[in-house]
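K.L.:
Give me a model of this one.
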Amino acid sequence: MATFSSKTFNSALYQSFRPGYNNNFFKMVYNYHAKHNGHFDTAVDVGTGTGQVAVVLAEKFKQVHGVDASATMLSNAIQKPNVAYHVAKGEDLGVIATSSVDVLTIAQAMHWLHHPTFFSEVKRVLKPHGTFAAVGYSFVIFEDHPRATRRIYELGDQPDQLGPLWDHGRLILDNLYKSIDVPLQNVERHYFPSSIKSQFRNAAASADYAPDADADAEASLPPVMTGRVTMKHFRNYIKTWSSYKNYCEKYPSRPDIVDLTIDAILKEENLKEEDEVNITWPTVVILGENDA
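P.N.:
Okay, the predicted model is just below:
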């Protein structure tokens, strides 16, 4: 988390090129919440960054609070009349009143936190039967260019590339939060695409990648992290990785490692900067209900 909190982190680039979450994610959250509580008054988005989730919640809830430890990120947050932003850590939500929140979300940030302390705060601020929703995603899959998937995985994972330069917590995310205990009731975990581990590892390891034939129960659920973007947009997205910023600071005289990787993909796949590609992020959605 330290990289995103840095005053030198390019939060404007983050706002412009980080992927959003499609309506399927929000439908999952709202449907789950309606079954257990049904009120849509107040929502809190923890680790809100530049407010990508908060502003969507604002279309459904009367009041939304976006909380982030980084004033740098919040300086580029999207503004809406019913969204209030606060500089605060996920483990210390003192700006939020006890038992005042209908839904609490945390997107692509739970791996940075001390989980027992965080969940103590989650249970404090949520109303009885209030909903907790977490989403996290790992390295991207190119739907039509498996060799590109392999190159991006190697860029982010290998020890001679960006692998050692992630902030603490990245391995928790790559395991799609399976190691995190969620001390709530009626907990659901949904993984996308189905059979996600074997799909992603096969894509990273082999140019002969094909979806797993054994579909999980989630196969019938629509994915929550997909996109069709130009390769130029994708290049800029990779440059929002915290590991890339750390690499540039550690090796300022080396060639740009992201540009080298993307240029290799363009050549190998006969793509141009303006060509669009279909991409999917391996994703987990966790839903839980607060105690009565």
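K.L.:
any idea which helix or strand comes after the helix or strand of the chain with the lowest mean pLDDT?
P.N.:
Every helix and strand in the chain was compared by mean pLDDT, DSSP states H and E; the lowest is helix 196-205, with a mean of 44. Counting by DSSP states H and E, the next helix or strand C-terminal to helix 196-205 is strand 226-230.
K.L.:
Quick check: buried residues in that next one?
P.N.:
Thr226, Gly227, Val229 (16 or more other Cβ atoms under 10 Å). C-beta here means a position set from N, CA and C on the backbone, and glycine is covered the same way.
K.L.:
Stretch 283-292 too?
P.N.:
Applying 16+ other Cβ under 10 Å to stretch 283-292 flags Thr283, Val284, Val285, Ile286, Leu287, Gly288, Glu289, Asn290 as buried.
K.L.:
Assess the claim that the fourth one and Val182 are in contact.
P.N.:
In this case it means Ile286. Yes. Using Cβ atoms under 8 Å, Ile286 makes contact with Val182 at a distance of 6.0 Å.
K.L.:
where do the contact lists of these two overlap?
P.N.:
By Cβ atoms under 8 Å, 6 or more residues apart in numbering, Ile286 and Val182 have these common neighbours: Phe132, Ala134.
K.L.:
Give me the nearest residue to Asp144, chain neighbours excluded.
P.N.:
Asn278 (5.9 Å; Cβ to Cβ, 6 or more residues apart in numbering).
K.L.:
any idea which residue sits dead centre in this protein?
P.N.:
Residue closest to the mean C-alpha point of the chain, counted by Cα atoms, centre = their mean, is Gln108 at 2.9 Å.
K.L.:
In this structure it contacts Ala134, no?
P.N.:
No. Counting by Cβ under 8 Å, Gln108 stays clear of Ala134, with 9.2 Å between them.
K.L.:
quick one: secondary structure of Leu171?
P.N.:
Under DSSP: H, G, I helix; E, B strand; the rest coil, the three-state class of Leu171 is helix.
K.L.:
What count of nearby residues applies to it?
P.N.:
Applying other Cβ atoms under 10 Å, we find 10 residues neighbouring Leu171.
K.L.:
what does Asn37 give?
P.N.:
18.
K.L.:
do the same with Phe234
P.N.:
Phe234 has 24 neighbours, counted by other Cβ under 10 Å.
K.L.:
and it, what does it touch?
P.N.:
Contacts of Phe234 (Cβ under 8 Å, 6+ apart): Ile262, Val277, Ile279.
K.L.:
is it possible to export those residues to JSON lines including secondary structure?
P.N.:
Shown next, in JSON lines, are these (three-state DSSP):
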{"residue": "Ile262", "secondary structure": "helix"}
{"residue": "Val277", "secondary structure": "strand"}
{"residue": "Ile279", "secondary structure": "strand"}
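K.L.:
Tell me the spatial nearest neighbour of the residue nearest to the centre of the chain, not counting adjacent residues.
P.N.:
Gly136 (5.7 Å).
K.L.:
For the strand or helix carrying the one you found, list the C-alpha coordinates in PDB.
P.N.:
Using DSSP H and E, Gly136 falls within strand 126-137. C-alpha atoms of strand 126-137 as PDB (Å, rounded to 0.1, in the frame of the first residue of the first chain):
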ATOM      1  CA  LEU A 126     -22.100  -2.300   9.600                       C
ATOM      2  CA  LYS A 127     -25.700  -2.400  10.700                       C
ATOM      3  CA  PRO A 128     -27.000  -5.700  12.000                       C
ATOM      4  CA  HIS A 129     -27.400  -7.900   8.900                       C
ATOM      5  CA  GLY A 130     -25.400  -5.400   6.800                       C
ATOM      6  CA  THR A 131     -23.500  -6.600   3.800                       C
ATOM      7  CA  PHE A 132     -19.700  -6.900   3.300                       C
ATOM      8  CA  ALA A 133     -18.500  -7.200  -0.300                       C
ATOM      9  CA  ALA A 134     -14.900  -7.600  -1.400                       C
ATOM     10  CA  VAL A 135     -13.500  -8.000  -4.900                       C
ATOM     11  CA  GLY A 136     -10.000  -8.700  -6.000                       C
ATOM     12  CA  TYR A 137      -8.300  -9.500  -9.300                       C
END
